[in-house]
Structures are given as C-alpha cells and as structure tokens.
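**Q** Let me see the structure of the following:
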Amino acid sequence: QVQLVESGGGLVQTGGSLSLSCSASERTLASYTMGWFRQAPGKERELVAAMSWTGTSTYYADSVKGRFTISGDNAKNTMYLRMISLTPEDTATYFCAAGPNIPKLRTGPNFWGQGTQVTVSS
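**A** Alright, predicted model coming up:
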C-alpha cells in the first residue's frame, strides 16, 4: 500500500512563494507517476502538475505554467511542488497523488495523500 503525506502548506500573501512536499512510501517515486492536485471550495479537483517516474515527462495546468515547478528526490522518496507568484486563485487544498502514468493520473489516481491547505491572501 502506497502512503503519501503532504506538508508545507500555509498562509502566504499575493506574490509570495511556497513549497510543498509529499513524502511517499519506499520506492514510490521510482515506480509511479506522481502529481499534485488541488481543490478549491465549490470547485472540482484539478491536476496542476505531474511528473513521470522516469522524470522525463511533466505536465502543468495552463493556470500554473511558469509559476509552479514539480520535482522529486528518489533517494528521499519525496516529491516537491515549488510555487511562486501566488495569487488568491491558487488558494485550495493541495493533494499529492500517484498513478501508473499521466493520462491515468488525470482520470483517477491510484493513491492520494490527505491534503495540505494553501491560502493566498490579497
């Protein structure tokens, strides 16, 4: 069973930056495509960034391109999301997820973390 634990959420002002971490079970990053979803109140959960287990393929939602960067450290079994130039529209609960590939991750990950709240004040 894959376990995912997010951390790093918090309150930041508009224009600020924040980094999220997702600590995964052993060898998860080497076996699964990993991604970050977010869900704002009243909105559907959306995939904002994903990274293949080889690290050769990445995906970014248009709304975060150029501002968010996904990365991973296989040795630490940890995935990261670096977020800069944050706006109130980025306020959401951010979830770490794992799946077999990016297309399947978008439609339904195999595993989810519990989420971490990111709030951007205006």
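**Q** Strands of the chain, residue ranges please.
**A** 4-7, 10-13, 18-24, 33-39, 46-51, 58-60, 68-73, 78-83, 92-99, 111-112, 116-121 (DSSP state E).
**Q** Tabulate those in TSV, adding columns for mean pLDDT and distance to Leu105.
**A** For glycine as for every other residue, the C-beta is placed from the backbone atoms N, C-alpha and C. What follows is those, written out as TSV (pLDDT from 0 to 100; distance: least, Cβ to Cβ, whole Å):
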stretch	mean pLDDT	distance to Leu105
strand 4-7	96	13
strand 10-13	98	25
strand 18-24	97	13
strand 33-39	96	5
strand 46-51	96	5
strand 58-60	96	8
strand 68-73	95	12
strand 78-83	96	12
strand 92-99	97	4
strand 111-112	94	10
strand 116-121	98	18
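**Q** got those as TSV, with mean neighbour count columns?
**A** Converted to TSV, those look like this (neighbours: other Cβ atoms under 10 Å):
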stretch	mean neighbour count
strand 4-7	18
strand 10-13	13
strand 18-24	20
strand 33-39	24
strand 46-51	23
strand 58-60	17
strand 68-73	17
strand 78-83	22
strand 92-99	23
strand 111-112	16
strand 116-121	17
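**Q** May I have the residues that are in contact with Gly16?
**A** Leu86, Val120 (Cβ atoms under 8 Å, 6 or more residues apart in numbering).
**Q** Report the contact partners of the most centrally placed residue in the chain.
**A** Central residue of the chain (Cα atoms, centre = their mean): Trp36, 2.1 Å from the mean position. Residues in contact with Trp36 (Cβ under 8 Å, 6+ apart) are 20, 22, 47-50, 68, 70, 79, 81, 94-97.
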